[in-house]
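Student: 3D, please:
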Amino acid sequence: MGNFLHLMILSCAVTTKQGKTLVSRQFVEMSRSRIEGLLSTFPKLVSNDQHTFVETDQVRFVYQPLEQLYVVLVTTKQSNILQDIDSLHLFSRTIGEYCPKIDEKQVISKAFELLGVFDEIVSLGYRESVNLGQLRTIAQMESHDERIQAEIEKNKEKEAKEEIKRKAKQLDMQKREQKRGSTQYPSHASAAVPGKGMQLGNKNRQNSLFETIKQEEGLREQEHVPVQASKPLSPVLPTVDEKAVHVLVEEKVSANINREGGLHSLEVNGTVLLKVNDPSCARLRLGLEQGTGNTHPNVDKQQWASQSMIALRDPSRPFPVNQPLGVLKWRMATTDESHSANPPTVADAQGDYEIDKQHRTIHWKLDVIDPSSSTGVLEFQVDQSNVDAFFPINVQFFSQKTVSGVKVLGLNLIEGGSPDYSTQSRLVTDSYQIS
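Tutor: Residues are numbered from 1 along each chain as shown. Model prediction:
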């Protein structure tokens, strides 16, 4: 215990009144047998619920009843009892946030989330300067980071599946050409059909749309290569070779545009994700250009406001390793129509498309949109023209240029020098609809 004399909170645990430990988090280095021995001693010392702490020769137990459970802090006897009681109340309120019904089953099911928020309250035995509102914000940001990481992994898998589908499509086309021999595709000019447009959903005469496209393009449905078109085609995000420190600037755009090209609403939500891959580079400062928005609660707001610098309030603490952390967030919203794009002119078929006969939709994909290929057109013909049946149109895209223009200026280690780092910027769609 000599190493713990200058520390405050050694552990936080949730136990039953019979002494069963449900969740336990140690804030200093302790063996499992040591903490199990301490927690097994606690129920024997508690005589009633009127007191808030009991002591042994070496440690103090500060506790609070919570329904049929106990929230217990194991502290050194030299710690400040009033601060420990205040910390105990914050732990109890946090548990109530995650467990609407406080019982053994709920606590065990939420164990992972509780352990994460415990680490935000106490670090290396010392109480952090956080309140319940800040803990809610941190939890929301970490949840967002997990979703971003899951999306990255999902896009990698999707890229591999798309490659398999492309190869299967090429093989299928080769087989079709061999069977067809010298047969030519039907001419577009020979199809005298009155209606024209993008038919995305019409219950009355839907089959005619797909039959017409299949006849004109020489397509036939393949049973051995199923088209997974129940979801829209998503753009394949480029992968980046991450260095010792990786910084991702990401914006998600949500827009609603009317069929004439007018803008109903446009919202951009941005975030800067900092990921430290090398533990030796975890104590650092990140400089940004054109940075605005709200920083992580642990970020020094003074440095951010005066120098546009992202750094922890406590420079001795490192950033998390191998875990993307959202250090900055911002939001922009407008109804200014100068942000809206001109609608494409329907002329002929470009890019790739897939027909989902079951869901009565067409999924159209353009691999690249740049100054040399800034427009794309899909043309098809139907035997009637119901304009409302062509909408809504859902759009998905990504760009390596963000709306806000936030850029990484550089990274510096607290000890001096600059780490080897990589950066990535991207703008992706969250919900982009033409109605």
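Student: where do the strands sit along the stretch 251-400 of the chain?
Tutor: For the stretch 251-400 of the chain, the strands defined by DSSP state E, counting those that start in this stretch occupy 263-276, 284-289, 294-295, 309-310, 325-334, 352-356, 361-365, 381-382, 393-394, 398-399.
Student: Indicate which one of those strands is closest to residue 431.
Tutor: Nearest to residue 431, of all the strands of the stretch 251-400 of the chain, is strand 393-394, at 8.1 Å by CB to CB. Placement of C-beta: from N, CA and C, glycine included.
Student: ok now that closest one, how far from the chain's centre?
Tutor: Its chain's C-alpha centre and that of strand 393-394 lie 23 Å apart, by CA atoms, centre = their mean, to the nearest Å.
Student: circling back: I'd like the strands of the stretch 251-400 of the chain laid out as a markdown table, including mean neighbour count.
Tutor: What follows is those, written out as a markdown table (neighbours: other CB atoms under 10 Å):
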| stretch | mean neighbour count |
| --- | --- |
| strand 263-276 | 19 |
| strand 284-289 | 19 |
| strand 294-295 | 17 |
| strand 309-310 | 22 |
| strand 325-334 | 17 |
| strand 352-356 | 16 |
| strand 361-365 | 19 |
| strand 381-382 | 21 |
| strand 393-394 | 15 |
| strand 398-399 | 16 |
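Student: Can you say which of those strands is nearest to residue 412?
Tutor: strand 284-289 (5.0 Å).
Student: And the contacts of the closest one?
Tutor: Residues from elsewhere that reach strand 284-289, judged by CB atoms under 8 Å, 6 or more residues apart in numbering: 245, 247, 272, 274, 276, 303, 307-311, 319, 327-328, 405-414, 419.
Student: Per-residue confidence at residue 392, what does it come out as?
Tutor: For residue 392, the pLDDT comes out at 76.
Student: Please name the nearest non-neighbouring residue to it.
Tutor: residue 435 (4.2 Å; CB to CB, 6 or more residues apart in numbering).
Student: so what pLDDT did residue 278 get?
Tutor: Reading off the model, residue 278 has pLDDT 91.
Student: where's the closest residue to residue 8 other than its chain neighbours relative to residue 88, distance?
Tutor: Spatial nearest neighbour of residue 8, chain neighbours left out: residue 79 (4.4 Å); criterion: CB to CB, 6+ apart. Look at residue 79 and residue 88: by CB to CB, to the nearest Å, they are 12 Å apart.
Student: for residue 41, same thing?
Tutor: Taking CB to CB, one finds residue 41 at 18 Å from residue 88.
Student: Compare those two (neighbour count), which wins?
Tutor: For residue 41 versus residue 88, the count of surrounding residues by other CB atoms under 10 Å is larger for residue 88: 21 against 15.
Student: List the residues that contact the nearest residue to residue 309 once chain neighbours are set aside.
Tutor: Nearest residue to residue 309, sequence neighbours excluded (CB to CB, 6+ apart): residue 303, at 4.5 Å. By CB under 8 Å, 6+ apart, the contact set of residue 303 is 285, 309-311.
Student: how about 10 Å then?
Tutor: Contact analysis of residue 303 by CB atoms under 10 Å, 6 or more residues apart in numbering lists 285, 287, 295, 309-313, 315.
Student: Mind pulling up the pLDDT for it?
Tutor: 86.
Student: now residue 177
Tutor: As predicted, residue 177 sits at a pLDDT of 77.
Student: Assign it to helix, strand or coil.
Tutor: At residue 177 the chain is in helix, as set by DSSP: H, G, I helix; E, B strand; the rest coil.
Student: number of nearby residues for it?
Tutor: For residue 177, using other CB under 10 Å, the count is 12.
Student: tell me the helices in this structure, going along the chain?
Tutor: 32-45, 81-98, 104-109, 111-121, 132-180, 206-217, 301-307 (DSSP state H).
Student: Which strands and helices lie in contact with the fifth one?
Tutor: For helix 132-180, the helices and strands in contact under the criterion 3 or more CB pairs under 10 Å, 6 or more residues apart in numbering; DSSP states H and E are helix 81-98, helix 111-121, strand 245-257, strand 263-276, strand 325-334, strand 352-356.
Student: Nearest to residue 36, out of the ones you listed?
Tutor: Here helix 111-121 is closest among those (CB to CB), at 16.5 Å.
Student: Just want the angle from that closest one to helix 132-180.
Tutor: In terms of direction (axes from the mean of the first three to the mean of the last three CA atoms, to 10 degrees), helix 111-121 departs from helix 132-180 by 130 degrees.
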